[in-house]
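S.K.: Here's a sequence, model it:
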Amino acid sequence: MSKEKNPAVSVIIPMYNAEKYIGECLQSLLNQTLKNFEVVVVDDCSTDNSVAIVEKYFSERECGEIIRLSVNSGCPGIPRNFGLDIAKGKYVYFMDSDDFLSEDALEIFYNVAENFNAEIVEAEVILKHEEGTGKFEPRASRMIRGKIADKPTLEILDIAKKVDNILKRRHSNAVWNKLFRRDFLIENKIKFPAMTITEDFVFTFQCIVCAKNFVRIPFIGYFYRIYIGSTSKTLRDIKTASLDFIEGVYCLDNFMKSKKFFIENSKYQYLVIDLFDQWFSNKIFKGIFFDMNFGAEETYDFYCRDVFSENPKKNIPLSAYLFVSTNIYKLLVKQQAEEIARLKKNLEELCKEV
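M.R.: Coordinates of the predicted model:
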């Protein structure tokens, strides 16, 4: 790590009550073969010993900077935005406080970005550490569907092809397996939305759509920790989940309405929102509606109470869409093929009558 005025990379780490792992995270940065980079830790009002650990690391090594927010945001994207505002690096790398990197990770990312003049470099494979299984051994995990790049591969695609790849899950929603050029984010005014979870879906979608030079690499350098209590794995309350979903839909919708491609190809707007719904349902609503055994009536009451009531004028179509898609998703998860066929038949008959 360094305190140079023009670092090659700014590593931005949002932090909240991470005393158990933040030391290992920072140590992995101290061990990096790339030396010209800065670390910006943004503390979201931790109540444990996290801040003291970070301050000790930085004071002993005269490196890094810690920012302490005055009010807890509860959103990982808000600290990341603060870090992005003060970052000085040519590139930015967003890292979680409970994960760590291989020693050559930043150097590989940086060299590929420089060689290809890339705005985004995406690693398509990571290593997962799973706690609570009796074995704490890293295992390789694919971040995309389809074929993994066998070498750094530059993709210069039109927006239609890029969106098709997004719809086919050819890109990961995560931000911590990517390096971003900072001026690219600034020029396109890309920031994280105020969502407690799934904010990375919205952020990466905008980045991939706007990028001209996107590079895929097979590199395995990020160690992602899975454990009970992880923010991304904790079941959210219904109200918070609904607000996150609404915010995500509005952010995606507003972004697409500002782009000529989506205005001229409106079907893609629906497909993207539908993908976000599928992804959110699988990650969040599945735990709420399925694991808690919500019936159709309870689901309907939820959407009327917690979605529609937030903004009745805007949320009439969104509430109806969510109710229908949630119940169809239930059927798909339970593999009730006969019921799905019956619903489709009823829909076809209804369309004929109209």
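
S.K.: all strands of the stretch 1-150 of the chain, in order?
M.R.: With DSSP state E, counting those that start in this stretch as the criterion, the stretch 1-150 of the chain has strands at 9-15, 37-43, 65-68, 91-94, 100-101, 120-123, 125-130, 139-142.

S.K.: For Cys251, which of the ones you listed is the nearest?
M.R.: Proximity to Cys251 (C-beta to C-beta) singles out strand 91-94 among the strands of the stretch 1-150 of the chain, at 17.5 Å. Glycine gets a C-beta too; all of them are placed from N, C-alpha and C.

S.K.: returning to that earlier point: kindly reformat the strands of the stretch 1-150 of the chain as a markdown table containing mean pLDDT and distance to Ile166.
M.R.: Output for the strands of the stretch 1-150 of the chain, formatted as a markdown table (pLDDT from 0 to 100; distance: least, C-beta to C-beta, whole Å):
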| stretch | mean pLDDT | distance to Ile166 |
| --- | --- | --- |
| strand 9-15 | 97 | 24 |
| strand 37-43 | 96 | 28 |
| strand 65-68 | 93 | 32 |
| strand 91-94 | 98 | 19 |
| strand 100-101 | 92 | 26 |
| strand 120-123 | 96 | 12 |
| strand 125-130 | 80 | 19 |
| strand 139-142 | 80 | 16 |
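
S.K.: Now these in a markdown table, please, with extra columns for mean neighbour count.
M.R.: A markdown table is the format used below for those (neighbours: other C-beta atoms under 10 Å):
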| stretch | mean neighbour count |
| --- | --- |
| strand 9-15 | 26 |
| strand 37-43 | 25 |
| strand 65-68 | 16 |
| strand 91-94 | 26 |
| strand 100-101 | 22 |
| strand 120-123 | 27 |
| strand 125-130 | 18 |
| strand 139-142 | 11 |
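
S.K.: could you dump these to a markdown table with distance to Asp164?
M.R.: As requested, the strands of the stretch 1-150 of the chain are arranged in a markdown table below (distance: least, C-beta to C-beta, whole Å):
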| stretch | distance to Asp164 |
| --- | --- |
| strand 9-15 | 30 |
| strand 37-43 | 35 |
| strand 65-68 | 39 |
| strand 91-94 | 26 |
| strand 100-101 | 32 |
| strand 120-123 | 17 |
| strand 125-130 | 22 |
| strand 139-142 | 19 |
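
S.K.: To Gly83, which of those lies closest?
M.R.: Short answer: strand 9-15, nearest of the strands of the stretch 1-150 of the chain by C-beta to C-beta, at 3.6 Å.
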